[in-house]
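Student: mind folding the following:
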Amino acid sequence: MKRWIRKLHRWGGLLTLVPLFIVIITGLLLQVKKQVPWVQPPTQRGTQDRPILTFEEILSIVSKVPEAEVSAWQDVDRLDVRPGKGIVKVQSNNRWEVQVDSASGEILSSTRRRSDWIESLHDGSFFHESAKLWVFLPNGLVLLGLWMTGAYLWWLPIGVRRKKRGQTRQNGSRQTPSP
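Tutor: As a prediction, the model looks like this:
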């Protein structure tokens, strides 16, 4: 049993080597995305806490940013309206993010946003949509198995020592001292 568990643990580790490396690195980057501007641009503050500009005006403003490559709504992946901060974040299909003051129309930030790309690497959808289900899900199950076999292998010597101590105590209490 012990030999089988050790082999299972070793082969499971080899099978998950590359996907686990990707998950660990991307997970670390996603953990610090708000602190590292390279991953995700910091959210700016606008001049008012309520939007005044229309979406058409915002589209017109963003279309003046050449890096965003926006000329119509089809070029926009999403809008993130933050009324409390007075901004609208416009993310284009090429992952460029433009933050616009929702009152004045001033461009507060214009830079690449990498967090969504990193997240697609993290969950496997970057490679192919089915990679999430057929590579990264089994990888997670193998990791669960590695955790269980690793816990068993860690506990094994502790259990053996406790068992030996218990036997020593039992043998020691049965012996009666000779007069």
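Student: what is the mean pLDDT for stretch 128-143?
Tutor: When pLDDT is averaged along stretch 128-143, the result is 86.
Student: actually stretch 71-83, sorry about that
Tutor: Across stretch 71-83, pLDDT averages out at 95.
Student: can you get me a residue count around residue 74?
Tutor: 7 (other CB atoms under 10 Å). (Glycine included, C-beta is placed from N, CA and C.)
Student: and residue 140, by the same measure?
Tutor: With neighbours defined by other CB under 10 Å, the count for residue 140 comes to 14.
Student: what strand or helix carries it?
Tutor: Per DSSP states H and E: residue 140 is located in helix 137-174.
Student: beta partners of residue 96?
Tutor: Judged by DSSP bridges, the bridge partners of residue 96 are residue 112.
Student: measure it to residue 59 for me?
Tutor: Residue 96 is 14 Å from residue 59, where distance means CB to CB, to the nearest Å.
Student: would you map the helices across this structure?
Tutor: 2-15, 17-31, 55-62, 115-123, 129-131, 137-174 (DSSP state H).
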